[in-house]
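1. Next come a sequence and a model predicted from it.
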Amino acid sequence: MTTSIKLLFDPKVEEKEVHIISKAIEEIYEIEVTCRTVLKIKKSAYNRKRKQYNGQKLLNNLIDEENLKFFFWIVEDDLYVPVMNFIFGLATQFFGAIVSFHRLESLEMKIKESVHECGHILGLGHCVNLCVMQYSTSLKEANEKPSSLCSECENKIKENKRNFEPNKD
């Protein structure tokens with residue numbers, strides 16, 4: 001049995017990019033990306049004052065109300081959490097993640113942030129090494145970090161994968 005991640009994406013996201021990102025995730029983490037399913041963003045998470053969607057509400061809805069596990073959702077709209085002006089993405093370890101392409105200027109940056117958030121799903125925290133798991137608070141930081149895992153994070157993934165329970169759909 002192999003570990004797999006369910007991929008969801010907003011209809012505004014280009015399917016070509018979804019395919020490229022899913023392949024990058026499969027290669028880096030040696031897991032299967034399944035289900036590539038269209039999922040529209042919920043209007044109830046929209047904040048009119050901020051003109052952004054609350055990423056935490058969106059993520060919690062899929063975990064708590066939809067009972068999803070090991071999922072990754074790509075959206076085009078701008079996201080925030082209450083203590084930050086914006087977020088590139090957000091994850092809950094061993095459950096799921098959401099990433100916003102809104103502020104990401106290139107396919108390379110979209111891949112990096114997607115790989116980063118999937119790392120959180122698979123149990124990785126932020127890393128201080130030269131690694132895709134570095135924390136990014138700006139476009140400059142996101143652009144400068146590498147697109148690969150460091151050896152410490154690779155080892156953590158291998159250890160964590162031994163404990164994963166595969167999706168049972």
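-> Right, received. Where do you want to start?

2. Report the helix or strand with the lowest average pLDDT across this structure.
-> Least confident helix or strand of the chain, by mean pLDDT, DSSP states H and E, is strand 32-38 with a mean of 87.

3. Any chance you could list what contacts that strand?
-> Strand 32-38 is contacted from outside by 2-11, 18-19, 22-23, 25-26, 72, 167, using Cβ atoms under 8 Å, 6 or more residues apart in numbering. The C-beta positions use only the backbone N, C-alpha and C, and glycine is treated the same way.

4. which strand residues sit across from the residue nearest to residue 39 when sequence neighbours are not counted in the sheet?
-> Distances taken as Cβ to Cβ, 6 or more residues apart in numbering put residue 8 closest to residue 39, at 4.3 Å, once the chain neighbours are dropped. Under DSSP bridges, the beta-bridge partners of residue 8 are residue 37, residue 73.

5. what about stretch 81-94, how long is it end to end?
-> 20 Å (Cα to Cα, to the nearest Å).

6. actually stretch 10-18, not the one I wrote
-> 10 Å.

7. residues of that stretch that come out buried?
-> For stretch 10-18, the neighbour count (16 or more other Cβ atoms under 10 Å) marks 10, 13, 17-18 as buried.

8. One more: stretch 96-110?
-> Applying 16+ other Cβ under 10 Å to stretch 96-110 flags 96-102, 104, 109-110 as buried.

9. Could you identify the pair within those residues that is furthest apart?
-> Every pair in the buried residues of stretch 96-110 was compared (Cβ to Cβ); the two farthest apart turn out to be 96 and 109, at 21.0 Å.

10. in this protein, which spans are strands?
-> In the chain, the segments counted as strands under DSSP state E are 4-9, 32-38, 46-47, 52-54, 71-75, 79-80, 89-92, 96-100.

11. how many degrees apart are the last one and strand 4-9 in direction?
-> Note on geometry: by axes from the mean of the first three to the mean of the last three Cα atoms, to 10 degrees, strand 96-100 and strand 4-9 are set 30 degrees apart in direction.

12. Could you give the bridge partners of residue 97?
-> Taking DSSP bridges as the rule, residue 97 bridges to residue 72, residue 91.

13. I'd like to know which of the contacts of strand 32-38 are buried.
-> 3-10, 18, 22, 25, 72, 167.

14. how far away is the most far-flung residue of the chain relative to its centre from residue 90?
-> Distance from the centre of the chain peaks at residue 49, with 25.5 Å (Cα atoms, centre = their mean). Residue 49 sits 20 Å away from residue 90, going by Cβ to Cβ, to the nearest Å.
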